[in-house]
Structure formats: structure tokens, C-alpha cells
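J.: next come a sequence and a model predicted from it.
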Amino acid sequence: LERSDDNLQMQYRAFRNYNMHLFKANASQLPHQIWILKSRNGFNQVGIHMYSLPLSDVESDQSMSRWLSQRVPQGEWVFQEYIMSPMTFKGHKFDLRVWS
């Protein structure tokens with residue numbers, strides 16, 4: 001995801017379709033999805049933003065584009081889906097980092 005001035009470069013239709021799938025799969029749960037926006041070159045949790053994406057902003061290409069334009073600042077960014085109930089090991093969240 002990259003933004004310079006008013007130009008937003010992203011496959012927003014794929015992002016919208018994925019969110020529509022999430023809403024349909026979780027219709028009885030939350031009325032919104034939570035997304036984390038991180039700087040592509042950031043570290044140590046600097047510049048991280050959490051956003052709620054309601055169904056009303058996913059219903060059309062125009063509303064999805066408007067939602068993204070209002071929230072994504074200049075620069076290169078990564079959207080990460082927030083997992084509400086992550087897998088735990090002995091009651092603690094964990095992550096795996098694999099290099100090859």
C-alpha cells in the first residue's frame with residue numbers, strides 16, 4: 001500500500017472483497033473488522049494505527065476508496081488483520097519467525 005499526495009496505490013477491490021468475505025463468515029459476531037496500519041519500514045511499534053472498518057464502508061467501491069483515503073497517510077504502509085482471539089501457548093500470545 002503506497003500513498004503520495006492524492007494517489008493511493010493498492011488493490012482496494014481485493015481488500016474490499018476480502019472484508020466482504022469476513023463479514024459474511026462472521027455475520028453473528030462483530031459489526032466491524034479491526035485492521036492495523038503499519039509503516040512498511042517501521043519498527044518497535046512506531047507509527048502503528050488501529051482502525052475499525054464497518055460494513056457500511058465495505059459495501060461499495062466508492063465507500064471503500066473513501067475509507068482508505070481518509071486513513072492512509074503519505075508513504076508506504078502495510079495493513080494487517082487484527083486477530084481477536086489469537087492462538088496462545090500456556091496462556092500467552094506468541095509468534096514464529098522463520099528465515100530460509
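T.: Received, thanks.
J.: where's Ser4 relative to Trp77, distance?
T.: 12 Å (CB to CB, to the nearest Å). Backbone N, C-alpha and C define where each C-beta goes, glycine included.
J.: hang on, I meant Ile34
T.: Ile34 is 16 Å from Trp77, by CB to CB.
J.: which of those two has more neighbours?
T.: The neighbour count for Ile34 versus Trp77, taken as other CB atoms under 10 Å, is higher for Trp77 (21 against 14).
J.: bridge partners for the more buried one, pull those for me.
T.: Beta-bridge partners of Trp77, counted by DSSP bridges, are Ser39.
J.: where's the most centrally placed residue in the chain, which helix or strand?
T.: With distances taken as CA atoms, centre = their mean, Trp35 lies nearest the centre of the chain, 3.3 Å away. Under the criterion of DSSP states H and E, Trp35 resides in strand 32-39.
J.: helix or strand right after that strand?
T.: strand 49-54.
J.: check which helices and strands that next one sits against.
T.: Here strand 49-54 touches strand 32-39, helix 61-71, going by 3 or more CB pairs under 8 Å, 6 or more residues apart in numbering; DSSP states H and E.
J.: what number of residues lie near the closest residue to Met20 other than its chain neighbours?
T.: Using CB to CB, 6 or more residues apart in numbering and skipping residues adjacent in sequence, the residue nearest Met20 is Val58, 5.8 Å away. Other residues lying near Val58 total 21 when counted by other CB under 10 Å.
J.: distance check, Val58 against Leu22.
T.: From Val58 to Leu22 the distance is 9 Å (CB to CB).
J.: can you give me the buried ones in stretch 65-75?
T.: Counting neighbours by 16 or more other CB atoms under 10 Å, one finds that the buried residues in stretch 65-75 are 65, 67-68, 71-72.
J.: what comes into contact with it?
T.: For stretch 65-75, contacts defined as CB atoms under 8 Å, 6 or more residues apart in numbering pick out 1-6, 8, 10, 12, 15, 37, 39-40, 49, 51, 53, 57.
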